[in-house]
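Colleague: just to be clear, the model below is a prediction. Sequence and coordinates:
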Amino acid sequence: MSDTTTPPPFTGPTSVPPEIDAFLRGADEAHAAQQAAPAAPRPSWEPLGPPSSMPQPPPPPEFQPYQPDPYEAQSIADAPVGANQVPVSDEPRMPAAPDLSIELPRGVYDATRRVFLTKGYVRELDGEDEEALAKLRTPAEWFDGVVALGIARMGDIDFNQLSFEQAKSLTGTLLPGEDMMVYLKVVTATFGPDRDIKYQCQNARCGREIETTLHIPTDFPVVLPEGDYLPTYDFPSSKGRITYRLVTSADEAALLAQSTETTTSAEMTSAALVKSIIAVNGLPPQDPESFVRSLSIRDRQALLEVIASRQPKIDMSLSIECVCGFHNRFLLALPELFRP
Ligand SMILES: [Zn+2]
């Protein structure tokens, strides 16, 4: 991340008007109610979860499992001893004590004081956390769990004194890009900053295995939007002045939980806008669902774009050039980083 292109980070606290406070708190309560829902009954013989705390989502199509080339293996076996050998250092990789401090662009929202807390610390996850994570069902829940467990402190709030659900209701107020920033910090604190990653070259005539080392603190730069974070923003639409807030990670989780295989992207757009829009011409819309459906497609698209443009962004794709000259572009699956 270059200092010359990055606007100075927003440094809180920011006071929040009561209406958004009520709105955010409503989202928190809905989220808490959802969390409190009883778990589906399980037969007593069913194991509680996978042995690892890390769910294994199906590999995305970009990641072809590496198929060793039998001819290449043969030629290496035939090569004289000492050929093609890379000197290996005997020194163990001893990472320096990691920097656990984190500064978020907008931060965790404390509803009781109506402030955003931007500065804090993450911590290394331990076996107790691993057991807690193993009980979470979906990859999305697991990711939110890593973020909630991994924060040690934000502002003057000591997360070690909070229950998991309390911590989750606070981290649910983060912006989705901030969630990612916390996740990268936590996996760095837990497993160190470097990951050796293997991929297969996507050039059909090559197919070589590419090995690379990621350095998490520098390989995933954050792009921050220009300007300060505000509790709410205004958007001029053909139906008047729309006041909206940014979509939080709890909103995203709720949208994900609501969606089914038959949910269309237009329905997802409507659901996201219902969460985001808090007033029209200064008054809360009487029927938010009808209002977002009555908006023109042009207004809906423009509003979604401006909402997205205010989010901090982290590029999780990797560009790797193979020795064959082919430029490979991979999208990194998040659990790939949750290991030494
Ligand atoms: Zn290649």
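Modeller: Ah, there it is.

Colleague: residue ranges of the helices in the stretch 201-340 of the chain, please?
Modeller: 216-219, 249-258, 265-276, 288-294, 297-309 (DSSP state H, counting those that start in this stretch).

Colleague: export those to CSV and tack on distance to residue 133 and mean neighbour count?
Modeller: For glycine as for every other residue, the C-beta is placed from the backbone atoms N, C-alpha and C. Output for the helices of the stretch 201-340 of the chain, formatted as CSV (distance: least, CB to CB, whole Å; neighbours: other CB atoms under 10 Å):
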stretch, distance to residue 133, mean neighbour count
helix 216-219, 19, 14
helix 249-258, 16, 18
helix 265-276, 27, 17
helix 288-294, 35, 15
helix 297-309, 29, 14
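
Colleague: right, and the ones you listed - which one's nearest residue 144?
Modeller: Ranking the helices of the stretch 201-340 of the chain by proximity to residue 144 (CB to CB) places helix 249-258 first, at 6.1 Å.

Colleague: now do that closest one: which elements does it pack against?
Modeller: On a contact count with 3 or more CB pairs under 8 Å, 6 or more residues apart in numbering; DSSP states H and E, helix 249-258 meets helix 18-36, helix 139-150, helix 176-191, helix 265-276.

Colleague: the ion contacts on this protein?
Modeller: 201, 203, 206, 208, 322, 324, 326 (CB under 5 Å from the ion).

Colleague: so the last one versus residue 123, what's the distance?
Modeller: Noted for residue 326: a distance of 41 Å to residue 123, by CB to CB, to the nearest Å.

Colleague: residues contacting the closest residue to residue 122 other than its chain neighbours?
Modeller: What sits nearest to residue 122 in space, not counting adjacent residues and going by CB to CB, 6 or more residues apart in numbering, is residue 185, at 4.5 Å. Counting by CB atoms under 8 Å, 6 or more residues apart in numbering, residue 185 makes contact with 100, 102, 122, 150.

Colleague: from those residues, which land in helices?
Modeller: Judged by DSSP state H, the subset of the contacts of residue 185 located in helices is residue 150.

Colleague: which of the contacts of residue 185 fall in strands?
Modeller: Using DSSP state E, the subset of the contacts of residue 185 located in strands is 102, 122.

Colleague: going by neighbour count, which of the contacts of residue 185 comes out on top?
Modeller: residue 122 (28 neighbours; other CB atoms under 10 Å).

Colleague: for the residue nearest to residue 98 when sequence neighbours are not counted, what are its contacts?
Modeller: Excluding the flanking residues, the one nearest residue 98 by CB to CB, 6+ apart is residue 189, at 5.2 Å. Applying CB under 8 Å, 6+ apart to residue 189 gives the contacts 98, 100, 122, 123, 124, 125, 150.

Colleague: mind running it again at 10 Å?
Modeller: 98, 99, 100, 102, 121, 122, 123, 124, 125, 150, 152 (CB atoms under 10 Å, 6 or more residues apart in numbering).

Colleague: ok, these vs the ion, which is closest?
Modeller: Nearest to the ion among those: residue 98, at 34.0 Å, using CB to the ion.

Colleague: what strand or helix carries that closest one?
Modeller: Secondary structure assignment for residue 98, by DSSP states H and E: no helix or strand.

Colleague: count the residues that sit near residue 225.
Modeller: The number of residues packed near residue 225 is 17, by other CB under 10 Å.

Colleague: what's the answer for the one 5 residues further on, then?
Modeller: Using other CB under 10 Å, residue 230 is surrounded by 15 other residues.

Colleague: now it. Its backbone dihedrals?
Modeller: Torsion angles at residue 230 (phi, psi; degrees, to the nearest 10) stand at phi -120, psi 150.

Colleague: where does pLDDT dip in the protein?
Modeller: The chain contains residues with pLDDT under 70 at 1-97.

Colleague: how is it partitioned into domains?
Modeller: Here the domain assignment for the chain is 1-34+98-229+310-340, 230-309, based on automatic domain parsing.

Colleague: start and end of the last one, how far apart?
Modeller: By that I understand domain 230-309. Length of domain 230-309, first residue to last, CA to CA, to the nearest Å: 14 Å.

Colleague: run the chain-centre distance for it.
Modeller: Centroid separation for domain 230-309 versus its chain: 21 Å, with CA atoms, centre = their mean, to the nearest Å.
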